[in-house]
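**Q** What follows is a predicted protein model with its sequence.
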Amino acid sequence: MKKLILASASGIALFGLAACSDTDGTTTQAVPGDVPPLEQPADPNAAPADPMTPPPAAPDVPPVE
């Protein structure tokens, strides 16, 4: 039983090291600050484009006894 626990812990550690390794050769670049955002923030005082309609009324069903 100890060997199974030790093997499981070793496997988890190995997967953790493999996931965190940095050998894929890719690089990342920062976004320049002068690029405008893709979307403008919404106006908090704007009226909704399509106001919600109330849900239809439930039919009158007698309670089950």
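**A** Received it, and whenever you're ready, just let me know what you need.

**Q** could you point out where the chain is predicted with low confidence?
**A** Judged by pLDDT under 70, the chain has its weakly predicted residues at 21-27, 31, 33, 35, 37, 50-51.

**Q** how does it look with 80?
**A** 17-43, 46-63, 65 (pLDDT under 80).

**Q** where do the helices sit along it?
**A** 2-20 (DSSP state H).

**Q** Just give me the neighbour total for residue 53.
**A** 6 (other CB atoms under 10 Å). (Each C-beta comes from the backbone N, C-alpha and C, glycine too.)

**Q** Compute the distance between it and residue 10, please.
**A** 60 Å (CB to CB, to the nearest Å).

**Q** same deal with residue 30?
**A** 38 Å.

**Q** Those two - which one has more neighbours?
**A** Between residue 30 and residue 10, counted using other CB under 10 Å, residue 10 has the larger neighbour count: 10 against 5.

**Q** what's near enough to touch that one?
**A** Not one residue lies near residue 10 by CB atoms under 8 Å, 6 or more residues apart in numbering.

**Q** For it, give its distance to residue 2.
**A** 12 Å.

**Q** ditto for residue 40
**A** Residue 40 sits 61 Å away from residue 2, going by CB to CB.

**Q** same question, residue 47
**A** In terms of CB to CB, residue 47 sits 68 Å off from residue 2.

**Q** Equivalent analysis for residue 61, please.
**A** Counting by CB to CB - residue 61 and residue 2 are separated by 63 Å.
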